[in-house]
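Asker: Have a look at this fold, sequence not included:
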């Protein structure tokens, strides 16, 4: 597939983030669609699933947020904790490489909407950063041309 060209049978990439473990804990960011009447963003959602609590919240992804995720992945790869989308209206995703339970954790904070914060301990596979760089590249290859129309 060439950049920005979708052929018959291709399905658009949906999972930008998929952090899950064998304990049933997971946090995902899914791209849902691009609304052609509203060019600058993609409709998306954050989904939290654990054996104890599950939920979702709406999200709008802009090209700048996708670029910020690339920077966040670089920082994570360098061993730093990150807060993604902290400066925007809407939810923030924090990734702590060593959380409160001595394992990585994802914190989803929705101060501007539900005012709920969820802390999810996750033990991702060793190659999770490389996997998320691949996911980001697929999302950008497919969706970014529609964000600049």
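Answerer: Happy to help now that I have it. Computed from a prediction, not measured in an experiment: that's the story for all the values here. Numbers count the residues shown, from 1 in each chain.
Asker: same question for the longest helix belonging to the chain, mean pLDDT?
Answerer: If each helix of the chain is counted by residues according to DSSP state H, the longest one is helix 128-147. Looking at helix 128-147 alone, the average pLDDT works out to 91.
Asker: neighbouring contacts of it?
Answerer: 1, 3-4, 6, 12-13, 15-19, 31, 34, 36, 39-42, 62-63, 66, 69-70, 73, 76-77, 125 (Cβ atoms under 8 Å, 6 or more residues apart in numbering). For the C-beta atoms, the positions are set from N, CA and C on the backbone; glycine is no exception.
Asker: Mind listing what's buried along it?
Answerer: Buried positions in helix 128-147, judged by neighbour count with 16 or more other Cβ atoms under 10 Å: 128, 132, 135-136, 138-140, 142-143, 146-147.
Asker: again with stretch 111-121
Answerer: The neighbour-count criterion (16+ other Cβ under 10 Å) identifies 118-121 as the buried residues of stretch 111-121.
Asker: picking up where we left off before, narrow the contacts of helix 128-147 to those in strands?
Answerer: Using DSSP state E, the members of those that fall within strands are 15-19, 31, 34, 42.
Asker: Put the buried members of those residues into a ChimeraX selection.
Answerer: Selecting just the buried residues from the ones in strands among the contacts of helix 128-147 in ChimeraX takes one command, with 16+ other Cβ under 10 Å as the test:
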select :16,17,18,19,31,34,42
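Asker: Now do residue 13 against residue 102, distance only.
Answerer: 33 Å (Cβ to Cβ, to the nearest Å).
Asker: More neighbours: which of these two?
Answerer: With neighbours defined as other Cβ atoms under 10 Å, residue 13 and residue 102 compare such that residue 13 has more, 18 against 8.
Asker: wait, the more buried one sits on residue 32?
Answerer: No. Counting by Cβ atoms under 8 Å, residue 13 does not reach residue 32; the two are 11.7 Å apart.
Asker: before we move on, the earlier item: how far is the longest helix of the chain from where the chain is centred?
Answerer: A distance of 10 Å separates the centroid of the chain from that of helix 128-147, by Cα atoms, centre = their mean, to the nearest Å.
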